[in-house]
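K.L.:
output the structure for:
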Amino acid sequence: DPAIIVLVSHGDLCLLGRQRVWPKGMHSTLAGFVEPGESLEEAVMREVYEESGVVVEAPAYHSSQPWPFPGSIMLGFHATARDTALNVDIEELETAAWFHRDQLLTSSENETFRLPRRGSIARRLVEEWLSGS
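P.N.:
Here you go, the predicted model:
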């Protein structure tokens, strides 16, 4: 089952969400499954809007990674938000927020805030954005 994962940015801000079941403090990029008949780009726009209320433009493919749970492939994207207004679906996410590039670059990872594990596609999307590439 294909799934998308996306780093949404707006200038020097990026959107990260948090699910209740994740380890304490962990925040990540938004993700979701592609529905039958839907393009990958449509899935990016729909998932981001459903989970956060953010409208995105120009989803651009980045990379992929096999995802063992439930046996799918994660297709990574970058997308640009039209604005920073949030309307978080609390059934999908515990929280979502915009984080400034400088804040992420200087933040120590602990139980209050941490990024996804190293080697994950979510981490690669964030780190590439942080480096400005």
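
K.L.:
so the residue of the chain positioned farthest from its centre is in which element?
P.N.:
In the chain, the residue that sits farthest from the middle, by C-alpha atoms, centre = their mean, is G37; the gap is 22.3 Å. Element membership for G37, per DSSP states H and E: none, as it lies in no helix or strand.

K.L.:
now the strands for the chain?
P.N.:
In chain order, the chain shows strands spanning 2-10, 13-18, 30-33, 56-67, 72-81, 95-100, with DSSP state E as the criterion.

K.L.:
state the number of residues packed around the nearest residue to G76 once chain neighbours are set aside.
P.N.:
Leaving out its chain neighbours, the residue that sits closest to G76 by C-beta to C-beta, 6 or more residues apart in numbering is H62, at 4.2 Å. Backbone N, C-alpha and C define where each C-beta goes, glycine included. Other residues near H62 number 17, with proximity taken as other C-beta atoms under 10 Å.

K.L.:
H62: what's it in contact with?
P.N.:
Under the criterion of C-beta atoms under 8 Å, 6 or more residues apart in numbering, the neighbours of H62 are 7, 76-78, 124-125, 128.

K.L.:
kindly provide the distance from it to F77.
P.N.:
H62 sits 6 Å away from F77, taking C-beta to C-beta, to the nearest Å as the criterion.

K.L.:
kindly report the same for E128.
P.N.:
Here the criterion is C-beta to C-beta. By it, E128 lies 12 Å from F77.

K.L.:
looking at these two, which is more packed in?
P.N.:
Using other C-beta under 10 Å as the criterion, E128 and F77 rank with F77 on top: 26 against 15.

K.L.:
any low-confidence regions in this protein?
P.N.:
Where the chain drops to pLDDT under 70, the residues are 133.

K.L.:
and the residue nearest the centre of it?
P.N.:
With distances taken as C-alpha atoms, centre = their mean, T29 lies nearest the centre of the chain, 1.8 Å away.
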